[in-house]
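Participant: requesting a structural model of the entry that follows:
(one chain, ligands or ions: 1)
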Amino acid sequence: MRFSSDRLAVVEGDITLMAVEAIVNAANESLLGGGGVDGAIHRVAGAQLLEACRKIGGCPTGEARITPGFNLPAKWVIHTVGPVWRGGGAGEAQLLQSCYRNSMALAAENRIKSLAFPAISCGVYGYPVDQAAHIAVQTVRESLAAFPAIESVKLVCFGKIIFDAYQTAYSQ
Ligand code: AR6
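Facilitator: Down below sits the predicted model:
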């Protein structure tokens, strides 16, 4: 299933299979890999991705860095670090917005026209899915207005719970 406007689509699926110019990785500050979507991306991209990430030397929460996609269908990976959920009073919402905004800005700087995001912070980092989905949809909409050269963004949901939350956020 899929919900979409001209430039923004919510899709259910595996981000490592997406044939877009860049996929976004929900990484950690070390950029040295992990579980979840990060693990899946590194497995498909191959060992060169870890090497490229090692050279970058880390990324603070809320920021984004770019590497090639190596063996992935996507040419680029934009690595961003979402906030760990600590109850909502530790600037989590602003940091999650920064992840989406900085990833979109980095895509625009690199003339990337199509990209796909996973549900950043919605796994191991424990962000409440409904709130995160709302931030994802709103911030990507704002960034699409700010970066008219970006033609399409997919919000990729892994499983029905995430997809349902995004569907609700999308129709608000
Ligand atoms: N395609 C799309 N989404 C996926 C995939 C996939 N192949 N696999 C998992 N997801 P998480 P976080 C979804 O835990 O919460 C890592 O160890 C998953 O269902 O990957 O930001 C990093 O190294 C969930 O909805 O990322 C960090 O240490 C979403 O991706 C930490 O986890 C994000 O879940 C980051 O935690």
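Participant: need the residues of the protein near the ligand, please.
Facilitator: 14-16, 26-28, 34-38, 40, 82, 118-125, 156, 158-159, 162 (Cβ under 6 Å from any ligand atom). C-beta coordinates here come from the backbone N, C-alpha and C atoms, glycine included.
Participant: hmm, try it at 8 Å
Facilitator: 13-16, 26-28, 30, 33-41, 81-82, 84, 118-127, 129, 156-159, 162 (Cβ under 8 Å from any ligand atom).
Participant: mind listing the strands for this structure?
Facilitator: For the chain, the strands defined by DSSP state E occupy 2-4, 8-12, 22-27, 64-68, 76-81, 114-117, 152-157.
Participant: ok, which of those strands comes nearest residue 141?
Facilitator: strand 8-12 (6.5 Å; Cβ to Cβ).
Participant: residue nearest the centroid of the chain?
Facilitator: Nearest to the mean C-alpha position of the chain, by Cα atoms, centre = their mean, lies residue 117 at 3.2 Å.
Participant: tally of neighbours for residue 64?
Facilitator: Neighbourhood size, residue 64 [other Cβ atoms under 10 Å]: 23.
Participant: what's the answer for residue 82, then?
Facilitator: 26.
Participant: enumerate every residue touching it.
Facilitator: Each residue near residue 82 by Cβ atoms under 8 Å, 6 or more residues apart in numbering is listed here: 26, 61, 95-96, 99, 120-121, 125, 127.
Participant: same check on residue 16?
Facilitator: 23, 40-41, 43-44, 72-73.
Participant: for the chain, which segments count as helices?
Facilitator: For the chain, helices defined by DSSP state H occupy the ranges 36-45, 47-56, 92-109, 129-146, 160-170.
Participant: contacting residues around the second one?
Facilitator: With Cβ under 8 Å, 6+ apart as the contact definition, helix 47-56 has outside contacts at 27, 31-33, 41-42, 65, 67-71, 77, 79.
Participant: related to what we said a few turns ago, ok, of the residues of the chain next to the ligand, which come out buried?
Facilitator: 15-16, 26-28, 33-34, 36-38, 40-41, 81-82, 118-123, 125, 127, 129, 156-158, 162 (16 or more other Cβ atoms under 10 Å).
Participant: apart from its chain neighbours, what residue comes closest to residue 44?
Facilitator: Spatial nearest neighbour of residue 44, chain neighbours left out: residue 16 (4.4 Å); criterion: Cβ to Cβ, 6 or more residues apart in numbering.
Participant: can you give me the pLDDT of the one you found?
Facilitator: Per-residue pLDDT puts residue 16 at 98.
Participant: and the gap between it and residue 96?
Facilitator: For residue 16, the distance to residue 96 (Cβ to Cβ, to the nearest Å) stands at 22 Å.
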